[in-house]
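Student: Output the structure for:
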Amino acid sequence: GGAGAAAGAGAGARVRVGGAGGFEASACCLGTMTFGQQNSEAEAHQILSAAFERGVDFIDTAEMYPVPAKRETAGSTDRYVGSWLKSQPRDQVKLATKVAGASEGLSYLRRDGRACRLDAQSIQESVEDSLTRLGTDHIDLLQLHWPDRYVPLFGQARYEPDQERDAVPFEEQLQALHKLVQEGKVLHIGVSNETSYGVSEFVKLADASGLPRIRSIQNVYSLVCRVRYETDLAEMCRQHDVSLLAYSPLGGGILTGKYIGKESVEGARLSLFDGYMSRYKGSACSQAVEEYARVAQRHGLSLTELSLAWCQSQWCVASSIIGATSLAQLEENLDAFDVSLSPECVADVEAIHKAQPDPAML
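Tutor: As a prediction, this is how the structure comes out:
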C-alpha cells in the first residue's frame, strides 16, 4: 500500500494514500506542531502559504498541538491553520488531524476534563471541537494519534505484558469513526503510532462488519529509525493498502546535521524539549548521523537532502511529513524532494544501516 512517488519528483508530486478507496495528496506533507509554540500565527501563515505555492496540499495537525502539549497553548495550531484556511480554496487542501489516544495528562482537551480515551464520546467530541477550531465542515483524514491500549511508544523498545490495561474495544473506535464518516465530518480514517496487531484488527473488523477501512498509518520512519516498520508493518500495510505517512524523516532535526559536534543548538527542538526527543540523543545515534553526513558529502548532497530523498524514495512511503520553523528551513526541506539518489549513494546508506540498524531505538 502507498508506494511513494517517483524519486526526485518534487514536493508537490501526487501520491495515492490508501489504495483505490483512498485519496490523492502531495508527496510532502506539512507538519504543523510548532505553530503556537515556536511559531507565531503570522509565521505559520507564511510557512503554509509558501508550502502551498510549491504544490504541498497535505497539512497535518492534531488536537493536542503545539508540542510540548500544554493547557495554555492547546488548540493554537488548529486555530492558526484555520485562520489561514479562510483565504484558501478548501477543496484543494487535504487536511489531516488526530484524536489524542489514552492519556491522563491531556484531560484539558476534553469538555468535562476527563482523561483522554478513544471511546465513542471522546472521538465524536474531539472531531467536533477540531472542526470548530479549524473553521471547516470536514476533515480529509482523521487519525487515532496513538492506541487506546498499552503499546510501547515513543522510544520504548519492547512490549511488556505486565503493562497491559483495559482498553476501548477496536469495534467501538471503528463504529465511532464510521458515524463521523456517515455524517460527512470525516472523509478518510487512519492510525498513528500503531503496531501490526492494531492494523490487522482494524482491517479485519472493517471487512467483517462493513465499517470504514483505515487508509494510512503515521509512524516514525527515518534513516535512524526504520527496522520496526520495515520488518513486519511494511508487509501488513502493503497487503491491506494502508499507506505510510512517515513522521520525523529528519529524526527530530538530527538528520539535518545541525547537531554534529555540538551538545545543543539554541532554539532547536532537541534543546528546547529535553526528554521529549530523548531517543535521538544517544552516542550511537550521533555516530550514525556523522556517517550519513559523510555519505551525503561524498555524493554532493546536504544531509537534509540525503535523508528526505531516501525516505521518500522508499516503496513503503506514500508521503513524508516535514516540519519547518522558518522559510529557509522549509525551502531546504522542499528542495530535497527534487533529489534523486544514485545507486552508489543508496548502497552507501545501506552499508551504514547494516552496521548500525536502528541507533535511535538503542
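Student: how many neighbours does the closest residue to Gly12 other than its chain neighbours have?
Tutor: In space, Gly12 comes closest to Gly55 once its chain neighbours are excluded; the distance is 1.8 Å by CB to CB, 6 or more residues apart in numbering. Quick note: C-beta positions are derived from backbone N, CA and C, even for glycine. Gly55 is flanked by 17 other residues according to other CB atoms under 10 Å.
Student: Show the backbone phi and psi for Gly55.
Tutor: Phi and psi for Gly55, reported as degrees, to the nearest 10, are phi 90, psi 0.
Student: and stretch 69-87, which residues are buried?
Tutor: For stretch 69-87, a neighbour-count test (16 or more other CB atoms under 10 Å) marks 69, 73-85 as buried.
Student: would you turn those into TSV with distance to Ala208?
Tutor: TSV is the format used below for those (distance: CB to CB, whole Å):
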residue	distance to Ala208
Ala69	35
Thr73	41
Ala74	37
Gly75	36
Ser76	40
Thr77	36
Asp78	34
Arg79	39
Tyr80	40
Val81	36
Gly82	37
Ser83	42
Trp84	41
Leu85	37
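Student: closest to Ala51 among those?
Tutor: Looking at these and their distance to Ala51, the nearest is Trp84, at 10.6 Å (CB to CB).
Student: does the closest one count as helix, strand or coil?
Tutor: Trp84 falls in the helix class when you classify it by DSSP: H, G, I helix; E, B strand; the rest coil.
Student: Pretty sure it sits against Ala44.
Tutor: Yes. Trp84 is within contact range of Ala44, at 6.8 Å (criterion: CB atoms under 8 Å).
Student: centre of the chain versus stretch 57-72, how much separation?
Tutor: Centre-to-centre, stretch 57-72 and its host chain are 11 Å apart (CA atoms, centre = their mean, to the nearest Å).
Student: gap between the two ends of it?
Tutor: 29 Å (CA to CA, to the nearest Å).
Student: what do you get for stretch 351-360?
Tutor: Taking CA to CA as the measure, stretch 351-360 stretches 17 Å from start to finish.
Student: Could you pull up the residues touching the residue nearest to Gly12?
Tutor: Gly55 is in contact with Gly10, Ala11, Gly12, Ala13, Ser26, counting by CB atoms under 8 Å, 6 or more residues apart in numbering.
Student: count of neighbours near the fourth one?
Tutor: Close neighbours of Ala13, defined as other CB under 10 Å, add up to 19.
Student: where does it land on pLDDT?
Tutor: Predicted confidence (pLDDT) for Ala13: 97.
Student: what bridges to the most centrally placed residue in the chain?
Tutor: Centroid check for the chain by CA atoms, centre = their mean gives Tyr247 as the closest residue, at 3.5 Å. Beta-bridge pairing of Tyr247 under DSSP bridges involves Val220.
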